[in-house]
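1. Provide a 3D model corresponding to the input given below.
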Amino acid sequence: MLAYQSFTLLACLICLPFVSSLYEDQAGLNDFHVQNIGKPTSLLFHPDPHKRRLFFATDLNIIGALDSKHGTILWRHSLGNEEINAIEYSGRFLASLSGRGKIVRVWNAADGVLIWDQPTNSEADDSRRDLKFSIRFADVNGDDVEDVIVATGNMVLVFSTSNGRKMWEWKSRKTNIKDAEILFADAKNVQVVAVDSNKVDRDPMVAKINSKDGSTIADFGKAIEGASKCDSVSSNYGGVLACLQASSSSVHFFKAETGKRWTSSVASQASKEAVSVELLKSDEMMIVRYVNQAAIVASLDEGTAKVLHTFEGQPGTLISYGSDKNGDVLVAQAQPTSKGLVLKSFHLKTKELVTNEIASSIWSKEENGSIEMMAVNPYVRKDGSGGLRLLLLSENYALTLFQQGSVLWERHEALAYITEAELVDLPLPALSHNELLDENVINSLNPISRLVRRCIADMTDLIDFLMKSSQLQTGASTRQRAAWDEVGVSLKHDMHGDRFGFNKILVFVTSPGMVFGMHSQTGNIVWKKFYGNDAILERFFLTKATSPDGQLECLVLGRSKQNSGHTFVAWMQPLTGAETSRKVLPVKVIQASLVPLLTQKHSYMVMMMDSAHKVHLLPDTPKTREAFRKRALHVVFYLVDKERSAIDGFGMREVGDEMRGEVIWTVAFPKGEKLLTISAQRMNEAIRSAGRVLGNRAVLLKYLNKNLLAVATATQERNERIGQADPVVRVYLIDTVIGAIVHTASHKDATGPVEIVQSENVVIYTLWNNKKQRNEIAVLELYENTKHEIMTAGEMMMYNDSKTTYTSHALDKPRVLSQTYITHTAFKTMAVAHTMHGITTKNVIAALASDQIFSIDKKLLDPRRPIGKPSPDDMEEGLMPYSPFLPVMPTAVLSYNRTILQLRKIVVAPARIESTCLMVAVGADVFFSRVTPAKAFDCLGDDFNYTSLVLSTLALMILSWVVSWFQAKRELSQAWK
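-> This next block holds a predicted model:
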């Protein structure tokens with residue numbers, strides 16, 4: 001134990017010089033954190049407008065509250081894999097039902113503190129996604145304190161709001177009841193409504209329960225008489241149940257408190273029959289919707305329903321309602337048009353109809369898609385007049401709050417669903433004297449002209465520098481449009497590159513079809529584009545990453561929404577979001593890849609293979625086809641088939657005028673072995689050296705194979721000793737050119753999840769040790785199996801220069817060194833810190849289970865760490881003694897005190913200086929930061945005292961001049977003697 005503590009202390013002391021801390025006032029200087037909530041499934045406005053709270057639950061299983069005035073997050077909590085089924089607000093409390101009705105929680109509505117949580121022991125069928133769950137506050141024991149009532153499956157439970165004590169539980173004796181909902185509750189009885197899952201007509205049935213002890217007064221029985229079939233069922237908080245019978249245009253009602261039943265008839269609209277009925281929660285009114293999306297607001301009168309207002313129907317129309325703190329109800333309609341959006345609101349008390357038209361520049365179907373949800377928040381102003389807030393959820397997952405027809409705020413929740421991320425360099429403005437470095441310009445000028453041009457260029461650069469510094473100090477916002485900017489984004493944002501390469505545009509592709517461009521310095525959205533009307537986006541390629549004129553290019557691929565067998569392609573300018581062209585290909589693409597062949601516009605080609613194995617090129621021109629045909633024999637790619645547990649390698653075959661993919665190798669894993677994850681080598685990774693210098697000055701040659709694919713699988717192996725199967729995780733290293741397995745690592749009694757990263761000759765992966773019940777991380781380092789020894793630096797330099805090619809066909813299996821370490825937490829995903837020239841230590845950046853980002857020094861993940869006392873050569877090489885535990889030091893947490901909810905992906909890109917790389921982590925949130933694995937050794941820090949430097953330099957200059965003056969005077973005096 002003492003030896004272990006000594007080794008751990010030594011490891012921490014050795015790592016201290018390589019970590020850095022962050023002062024509180026430095027937080028946010030070189031990073032930003034964009035917090036999101038996801039797509040809402042439930043929205044509840046606080047009835048008091050002065051509280052300014054909007055409670056939400058989302059499909060990412062996040063619950064919380066927004067500031068309804070500014071749209072900022074007041075508090076939020078992620079419930080992990082627990083689906084949030086229902087939320088309800090009352091007084092100081094917010095109640096939630098989650099996990100398919102299995103967990104009920106009560107939160108403090110003001111700050112989100114969890115007050116209590118309790119299991120419900122629900123037996124709801126997890127395979128059925130149409131089940132209903134409900135939760136409500138009501139006083140059921142007559143103590144003037146509202147209790148929490150939960151209906152889940154065929155059960156009803158009541159909990160005390162203050163302490164979570166379960167007061168009673170009721171379960172129906174009828175097993176065919178699956179989705180009970182609360183209909184009515186008071187101090188006498190609780191009534192719930194459900195449908196018989198065994199009957200085709202699915203008529204509503206009502207059960208009555210004693211509020212005191214949960215005993216059965218009446219089990220489920222038919223509530224609606226006279227209706228042969230209910231096409232739509234609705235209920236409200238007043239205990240009224242409605243059943244719409246479309247064939248007869250009638251609505252049948254049942255009032256739970258009195259047992260009264262009656263029927264109302266509703267007239268058809270434009271010869272269209274009614275399709276649904278919705279009762280207003282707190283008023284004796286209903287909304288009836290029709291096939292043509294028209295709707296009426298009508299009373300619940302017996303006989304013919306009195307129509308208070310009729311809303312005209314249009315495609316995409318949405319209708320909802322809300323009530324203010326006085327209980328006055330307002331029904332609103334959102335109607336997309338060719339000119340934008342029309343918002344209509346009808347006040348039931350005053351019968352006033354208000355219409356607001358929203359211009360297409362603010363909201364349009366082309367940029368927002370259809371309306372998926374609307375929340376209505378009428379409120380009473382201090383002067384007694386009424387106001388209205390409308391919250392719209394669009395198809396692009398944008399939450400937009402309108403107040404009196406104007407936009408109050410907007411949230412882009414599509415950022416919580418990022419699937420692809422890329423960091424794009426901003427163009428670097430050329431200095432005025434850069435042309436004087438051109439030999440052609442120098443040779444065309446005489447010495448005097450060169451001197452004059454140089455002086456003018458230096459003065460111009462100095463003036464530009466002073467002007468820029470003045471603007472930064474005074475906060476001036478005047479900008480000039482960049483030459484490459486066609487849409488004007490450079491007038492609103494700083495779109496100039498910097499010498500260190502810190503200014504970038506983060507391009508995000510999301511599953512809802514939104515593509516964003518975000519500025520790396522501020523986290524502001526520079527541009528956004530919506531493709532959800534046309535395609536489901538799947539891939540993103542940066543085909544032209546650099547250009548002196550700023551004309552960059554990228555393309556997005558996806559499946560066409562009009563025909564899933566067709567492929568949608570769009571070309572964009574990643575700096576501005578301007579779309580240059582788009583097309584739909586009548587083929588189903590199953591694989592796409594960037595090809596290192598340039599077009600006439602100096603952009604890379606994209607190769608695609610369709611389901612018939614025909615190869616397509618983007619752009620598809622005679623010249624690109626000819627260029628690709630010349631190199632086709634050198635093109636090999638692979639497809640991973642998880643269902644078959646196999647990987648197929650494809651080569652190119654020319655068939656007439658076409659190129660087709662042909663299977664040239666297949667790696668089929670044993671039966672029952674399941675593919676978990678794969679990891680390929682990074683394209684264009686900078687490698688400092690082809691060898692590793694040892695302590696005795698010998699060199700181990702790295703096994704550098706750009707075609708290496710790491711594959712993790714899970715299977716079961718029978719243990720003959722105990723007579724049962726044990727889980728096994730295997731990691732395969734496959735050469736994707738010839739399909740050869742160059743190495744296999746097997747871990748018994750291990751399971752997933754497995755995360756893998758590769759860099760140069762290193763493979764790092766994580767797994768769960770089932771026997772020891774702990775998380776582990778393993779590292780493999782691959783070296784060439786050669787007898788060639790390099791003993792001097794000169795030989796190493798010659799080897800680096802000569803080793804310019806690698807062939808998989810002359811395959812020699814590598815020599816593999818490995819070690820495994822214990823981690824105190826699971827890693828959700830990993831990435832490697834890549835720098836410009838590959839000189840800086842390539843630390844591993846890992847996402848912890850706590851949704852924080854942790855930097856692991858590569859020295860800790862070194863399979864050559866000696867077990868026992870290090871030898872002199874080990875100490876010369878700087879190897880740390882092996883310790884089975886991998887320390888997690890707080891100073892190595894890159895996200896410091898911030899939590900990036902549901903973190904799932906980390907993307908790293910190099911800056912223009914060697915010490916620094918840029919990292920963006922995405923999940924429900926977006927987090928961006930600079931990473932310095934070996935500190936910022938090639939630039940001055942932010943806390944550097946420039947004033948002291950200038951004053952010291954001036955003092956030295958003055959001192960030198962004074963000393964020179966005295967020295968000259970002394971020499972003159974001596975000369976006269």
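2. doesn't Ile756 make contact with Thr677?
-> Yes - with contacts counted by Cβ atoms under 8 Å, Thr677 reaches Ile756, the gap being 5.9 Å. All C-beta spots, glycine's among them, are computed from the backbone N, C-alpha and C.
3. Overlap in contacts, the two.
-> Common contacts of Thr677 and Ile756, defined by Cβ atoms under 8 Å, 6 or more residues apart in numbering, comprise Ala712.
4. who's more crowded, these two?
-> The residue with more neighbours, out of Thr677 and Ile756, is Ile756; 21 against 16, by other Cβ atoms under 10 Å.
5. where's that one, which helix or strand?
-> strand 750-759 (DSSP states H and E).
6. so where do the helices sit in the stretch 401-550 of the chain?
-> 439-443, 447-474 (DSSP state H, counting those that start in this stretch).
7. Quick one: mean pLDDT over the shortest one.
-> Think helix 439-443. Across helix 439-443, the average pLDDT comes to 69.
8. what number of residues lie near Ala955?
-> 10.
9. Secondary structure class of it, three-state.
-> Following DSSP: H, G, I helix; E, B strand; the rest coil, Ala955 is assigned to helix.
10. before we move on, back to that, what packs against the strand holding Ile756?
-> Here strand 750-759 touches strand 674-680, strand 708-719, strand 724-735, strand 762-769, strand 827-832, going by 3 or more Cβ pairs under 8 Å, 6 or more residues apart in numbering; DSSP states H and E.
11. now do 10 Å
-> strand 674-680, strand 708-719, strand 724-735, strand 762-769, strand 774-783, strand 827-832, strand 844-848 (3 or more Cβ pairs under 10 Å, 6 or more residues apart in numbering; DSSP states H and E).
12. Tell me which of those is the most buried.
-> strand 844-848 (a mean of 24; mean count of other Cβ atoms under 10 Å).
13. possible to save the helices and strands packed on strand 750-759 as TSV with mean pLDDT and distance to Asp657?
-> Output for those, formatted as TSV (pLDDT from 0 to 100; distance: least, Cβ to Cβ, whole Å):
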stretch	mean pLDDT	distance to Asp657
strand 674-680	95	31
strand 708-719	92	32
strand 724-735	93	32
strand 762-769	96	42
strand 774-783	96	42
strand 827-832	96	42
strand 844-848	96	47
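14. circling back to that earlier point, how about the strand holding Ile756: buried residues?
-> Neighbour counts using 16 or more other Cβ atoms under 10 Å place 750, 752, 754-759 of strand 750-759 among the buried residues.
15. quick one, strands of the stretch 551-700 of the chain?
-> Listed in chain order, the strands of the stretch 551-700 of the chain (DSSP state E, counting those that start in this stretch) span 553-560, 567-572, 579-585, 589-598, 604-610, 615-618, 636-641, 646-655, 658-668, 674-680, 691-693, 699-701.
16. likewise the stretch 301-450 of the chain?
-> Using DSSP E, counting those that start in this stretch, strands in the stretch 301-450 of the chain cover 303-304, 307-311, 318-323, 329-337, 340-347, 353-359, 371-380, 386-394, 398-403, 406-412, 418-425.
17. ok, and for stretch 410-422, which residues are buried?
-> In stretch 410-422, counting by 16+ other Cβ under 10 Å, buried: 411-422.
18. Tell me which of the helices and strands packed on strand 750-759 sits nearest to Ser211.
-> When the helices and strands packed on strand 750-759 are compared by Cβ to Cβ, strand 827-832 sits nearest Ser211, at 46.2 Å.
19. What's the separation between the most far-flung residue of the chain relative to its centre and Phe966?
-> For the chain, the largest distance from the centre (Cα atoms, centre = their mean) belongs to Lys977, which lies 84.8 Å off. Per Cβ to Cβ, to the nearest Å, Lys977 is found 17 Å from Phe966.
20. what bridges to Phe133?
-> In this entry, Phe133 is beta-bridged to Thr152, by DSSP bridges.
21. try the one 4 residues further on
-> Using DSSP bridges, the beta-bridge partners of Phe137 come out as Val148.
22. which residues sit in contact with it?
-> With contact set as Cβ atoms under 10 Å, 6 or more residues apart in numbering, Phe137 has these partners: 88-91, 93, 95, 106, 145-149, 161, 185.
23. Now render those residues as a markdown table, adding distance to Ser68 and secondary structure.
-> As requested, those are exported to a markdown table (distance: Cβ to Cβ, whole Å; DSSP: H, G, I helix; E, B strand; the rest coil):
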| residue | distance to Ser68 | secondary structure |
| --- | --- | --- |
| Glu88 | 18 | strand |
| Tyr89 | 13 | strand |
| Ser90 | 18 | strand |
| Gly91 | 18 | coil |
| Phe93 | 19 | strand |
| Ala95 | 20 | strand |
| Val106 | 22 | strand |
| Val145 | 28 | coil |
| Glu146 | 23 | coil |
| Asp147 | 28 | strand |
| Val148 | 25 | strand |
| Ile149 | 27 | strand |
| Thr161 | 24 | coil |
| Ala185 | 28 | strand |
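24. Report the buried members of the residues you listed.
-> 88-90, 93, 95, 106, 146-149, 161, 185.
25. mind putting those residues in a markdown table, pLDDT and distance to Asp648 included?
-> Output for the buried ones among the contacts of Phe137, formatted as a markdown table (pLDDT from 0 to 100; distance: Cβ to Cβ, whole Å):
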| residue | pLDDT | distance to Asp648 |
| --- | --- | --- |
| Glu88 | 95 | 52 |
| Tyr89 | 93 | 54 |
| Ser90 | 90 | 58 |
| Phe93 | 95 | 57 |
| Ala95 | 96 | 52 |
| Val106 | 97 | 54 |
| Glu146 | 91 | 62 |
| Asp147 | 93 | 60 |
| Val148 | 95 | 55 |
| Ile149 | 95 | 56 |
| Thr161 | 92 | 59 |
| Ala185 | 87 | 60 |
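26. Looking at these, which is nearest Ala457?
-> Tyr89 (66.3 Å).
27. Where does the closest residue in space to the closest one that isn't next to it in sequence sit, in terms of helix or strand?
-> Nearest non-adjacent residue to Tyr89, counting by Cβ to Cβ, 6 or more residues apart in numbering: Leu44, 5.1 Å away. Assessed by DSSP H and E, Leu44 sits inside strand 40-45.
28. repeat for Ser973
-> Counting by DSSP H and E, Ser973 is part of helix 946-976.
29. where's that helix relative to the chain centroid, distance-wise?
-> Put simply, helix 946-976 sits 61 Å off its chain's centre (Cα atoms, centre = their mean, to the nearest Å).
30. low-scoring stretches of the stretch 151-300 of the chain, by residue?
-> 196-202, 225-228, 268-271, 282-283 (pLDDT under 70).
31. The stretch 401-550 of the chain now?
-> 429-441, 465-478.
32. for the stretch 751-900 of the chain, same thing?
-> In the stretch 751-900 of the chain, residues with pLDDT under 70: 787-811.
33. sorry, back to before: out of the buried residues of stretch 410-422, which is nearest to Val233?
-> Using Cβ to Cβ, these come closest to Val233 at Glu413, 30.8 Å.
34. tell me the contacts of the closest one?
-> So Glu413 contacts 36-40, 58, 60, 393-394, 396-399, 510, 512, 514, 924 (Cβ under 10 Å, 6+ apart).
35. quick one, what contacts the residue lying closest to it once chain neighbours are set aside?
-> Distances taken as Cβ to Cβ, 6+ apart put Tyr397 closest to Glu413, at 4.4 Å, once the chain neighbours are dropped. By Cβ under 10 Å, 6+ apart, Tyr397 lies in contact with 36, 38-40, 58-59, 368-369, 372, 411-417, 510-514, 530, 532.
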